[in-house]
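Enquirer: model this:
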Amino acid sequence: MRLAPPTLATALLLAACQAGDPLPTEADVDAARGRALFAANCAECHSADGTGGIGPDLTGLAKAAGGTFPETYVMATIDGMDRHGDPDAVMPEFGARDLGDTVIVEHGGLGTPVPADLLALTTFLRDIQK
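Expert: Just a heads-up that it's a prediction; the model follows:
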């Protein structure tokens, strides 16, 4: 069986896929970005250092979960899907906003798409645990 040589259309399609800035990777998302996002979106209720105010103290999440940071719970809480449409919800549904480009996070050999800003906030919260 003989394969046809690549066409101009194929070459242009491949070039378009590689053009522009590359999407962020998990390694590109850091606590500094998360700290800035937290300051802009969360500090009003949780204080700048996450120790609480109107909202709860976020520095003891790992301790309350038996010493392991509850990453999935934190991401779900920030996302707010469980609060969708709840008129009595106090915390905003951040997942309804643009949380940045998607980053593929690998756990146990499986890749999960996660918005970059959600991952940055989670990384910051992990870093402030006492």
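
Enquirer: the residue nearest to residue 83 when sequence neighbours are not counted and residue 81, how far apart?
Expert: For residue 83, ignoring the flanking residues on the chain, the nearest one in space by CB to CB, 6 or more residues apart in numbering is residue 89 at 3.9 Å. C-beta here means a position set from N, CA and C on the backbone, and glycine is covered the same way. Applying CB to CB, to the nearest Å, one obtains 11 Å for the distance of residue 89 from residue 81.

Enquirer: now list whatever residues contact both of these two.
Expert: Overlap of the contact sets of residue 89 and residue 81 (by CB atoms under 8 Å, 6 or more residues apart in numbering) is empty.

Enquirer: in this structure residue 118 contacts residue 81, no?
Expert: No: at 11.7 Å, residue 118 does not count as touching residue 81 under the criterion of CB atoms under 8 Å.

Enquirer: more neighbours: these two, which one.
Expert: A side-by-side neighbour count of residue 118 and residue 81, using other CB atoms under 10 Å, places residue 118 first with 23 against 10.

Enquirer: quick one: what helix or strand has that one in it?
Expert: Taking DSSP states H and E as the criterion, the element that holds residue 118 is helix 116-127.

Enquirer: returning to that earlier point: overlap in contacts of residue 118 and residue 81?
Expert: A shared contact of residue 118 and residue 81, defined by CB under 8 Å, 6+ apart, is any residue touching both; here these are residue 95.

Enquirer: what separates the nearest residue to residue 126 once chain neighbours are set aside from residue 106, distance-wise?
Expert: Using CB to CB, 6+ apart and skipping residues adjacent in sequence, the residue nearest residue 126 is residue 69, 4.8 Å away. Counting by CB to CB, the separation of residue 69 from residue 106 is 17 Å.

Enquirer: do residue 84 as well
Expert: Counting by CB to CB - residue 84 and residue 106 are separated by 28 Å.
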